[in-house]
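>>> give me a 3D structure for the following:
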Amino acid sequence: MNWLRFIGVALVLLFIGVLLHYHARFLGVQSMAAESKPAYLGFDRNIYPGDSSLPILRKSFAFTSYWLSPPPGEKANTWKGKRELLLSHGFGFLVLYRGRESRELKNEAAAKQIGFQDAKNAAAAAKSEGFASGAIIFLDIEEGGRLPANYHAYLAVWSEELTRAGYHPGVYCSGMPVQEGPGVTITTADDIRNDAASRDISIWAYNDLCPPSPGCAFPQDPPPPSLSGIGYATVWQFAQSPRRREFTARCPAKYAPDGNCYAPSDTAHKWFLDVNTATSPDPSGGAK
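You can find the predicted model right below:
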């Protein structure tokens with residue numbers, strides 16, 4: 001009986017080992033498949049580059065930014081009314097709306113009211129520009145590090161109201177670690193992700209530090225957004241114009257002498273831009 005029991009136990013352990021082996025192989029195949037998914041290059045600019053630029057920029061980029069509001073520092077939105085023309089050239093979209101600065105959100109009540117109004121205005125602008133329900137609208141957040149409580153209140157209402165209006169909330173934010181204390185860092189992306197009210201927000205992270213950024217580059221096989229340091233990001237802005245020398249000192253020398261990044265086909269250097277990689281050629285789903 002002892003030998004029979006021993007043989008039975010051995011067979012059970014062998015069976016479990018075989019199952020674990022194939023499970024590990026299956027997970028490995030899944031991981032490789034995820035890493036092998038293609039990534040796509042896109043550009044973003046605050047100012048619309050002009051109709052004549054589109055055939056040239058389309059040679060390098062699958063998608064473009066598209067502002068629904070005046071960008072930071074601007075009083076007008078030069079992208080307005082350009083969706084159909086961009087669509088005719090085959091561009092996908094990164095739809096943007098300007099977020100508030102922390103100093104504008106005086107208290108929680110004000111933050112919630114402003115979040116409600118901004119979401120309402122963003123949804124109305126998206127509809128007016130022809131973006132269908134379900135498109136992702138990225139709120140532009142320029143501040144780095146941990147956001148104050150009032151900003152999280154603003155963001156929570158923005159997300160809730162935008163969803164109610166039929167669109168999906170996203171944020172453009174920093175994916176760069178900021179020191180908070182000895183051995184303690186935080187990224188804005190993680191700060192937003194860790195907030196329960198914001199977990200369904202799509203993340204477009206910027207990190208132009210080399211490495212992981214390749215600098216002002218346009219690889220045929222673009223790096224996936226997960227290499228930005230924010231594994232859940234769907235978009236990664238890895239190059240900015242003008243370059244930030246404190247972060248790009250170790251980048252390959254591919255920025256123009258004026259410090260800007262230009263598309264390879266832009267031989268006249270007319271349109272400086274920021275460069276992005278995404279898991280989709282239409283990251284906002286705005287071409288639908």
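>>> relative to His269, how far out is the closest residue to Leu57 other than its chain neighbours?
Closest residue in space to Leu57, ignoring its immediate chain neighbours: Ala263 at 5.7 Å, by CB to CB, 6 or more residues apart in numbering. All C-beta atoms are positioned from the backbone trio N, CA, C, and that covers glycine. To His269, Ala263 is 9 Å away according to CB to CB, to the nearest Å.
>>> just want to know which of these two has more residues nearby.
More crowded of Ala263 and His269, by other CB atoms under 10 Å: Ala263, with 24 against 12.
>>> next, that one: secondary structure please.
Here Ala263 is recorded as coil under DSSP: H, G, I helix; E, B strand; the rest coil.
>>> hmm, it is touching Ala217, no?
No. In this structure Ala263 lies outside contact range of Ala217 using CB atoms under 8 Å: 11.3 Å.
>>> give me the nearest residue to the residue nearest the centre of the chain, chain neighbours excluded.
The centroid of the chain falls nearest to Trp204 when counting by CA atoms, centre = their mean (1.5 Å). Excluding the flanking residues, the one nearest Trp204 by CB to CB, 6+ apart is Val235, at 3.9 Å.
>>> so Tyr66: helix, strand or coil?
Quick answer, by three-state DSSP: Tyr66 is strand.
>>> no, scratch that, I was asking about Lys120
Quick answer, by three-state DSSP: Lys120 is helix.
>>> and for Pro169?
Classification of Pro169 by three-state DSSP places it in strand.
>>> next one: Leu57
helix.
>>> give the contact list for it.
43, 49, 64, 263, 265-266, 271 (CB atoms under 8 Å, 6 or more residues apart in numbering).
>>> now do Trp204
With CB under 8 Å, 6+ apart, Trp204 has these contacts: 94, 138, 170-173, 233-237, 276, 283.
>>> sitting in strands, which of those do you find?
94, 138, 170-173, 235-237, 276 (DSSP state E).
>>> now, among those residues, which is nearest to Pro72?
For the ones in strands among the contacts of Trp204, the residue nearest Pro72 by CB to CB is Tyr172; the value is 10.8 Å.
>>> how many neighbours does the closest one have?
25.
>>> can you map out the strands along the protein?
40-44, 63-67, 92-98, 136-140, 168-174, 178-181, 184-186, 202-206, 235-239, 274-278.
>>> outside of the second one itself, list whatever touches it.
Think strand 63-67. Under CB under 8 Å, 6+ apart, the answer for strand 63-67 is 40, 42-46, 57, 77-80, 82-83, 86, 91-98, 129, 276, 278, 281-284, 286.
>>> now do the contacts for the nearest residue to Thr279 once chain neighbours are set aside.
Using CB to CB, 6+ apart and skipping residues adjacent in sequence, the residue nearest Thr279 is Thr234, 5.3 Å away. Neighbour list for Thr234: 170, 202-204, 225, 278-280, 283 [criterion: CB under 8 Å, 6+ apart].
>>> re the thing from before, mind giving me the PyMOL command for buried ones among the ones in strands among the contacts of Trp204?
The following PyMOL command selects only the buried members of the ones in strands among the contacts of Trp204, with burial defined by 16 or more other CB atoms under 10 Å:
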select buried, resi 94+138+170+171+172+173+235+236+237+276
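>>> and the ones in strands among the contacts of Trp204 as JSON lines, adding distance to Glu180 and pLDDT?
Listed next are the ones in strands among the contacts of Trp204 as JSON lines, based on distance: CB to CB, whole Å; pLDDT from 0 to 100:
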{"residue": "Leu94", "distance to Glu180": "30", "pLDDT": "98"}
{"residue": "Phe138", "distance to Glu180": "25", "pLDDT": "98"}
{"residue": "Gly170", "distance to Glu180": "25", "pLDDT": "98"}
{"residue": "Val171", "distance to Glu180": "20", "pLDDT": "98"}
{"residue": "Tyr172", "distance to Glu180": "22", "pLDDT": "98"}
{"residue": "Cys173", "distance to Glu180": "16", "pLDDT": "98"}
{"residue": "Val235", "distance to Glu180": "25", "pLDDT": "98"}
{"residue": "Trp236", "distance to Glu180": "23", "pLDDT": "98"}
{"residue": "Gln237", "distance to Glu180": "23", "pLDDT": "98"}
{"residue": "Asn276", "distance to Glu180": "27", "pLDDT": "98"}
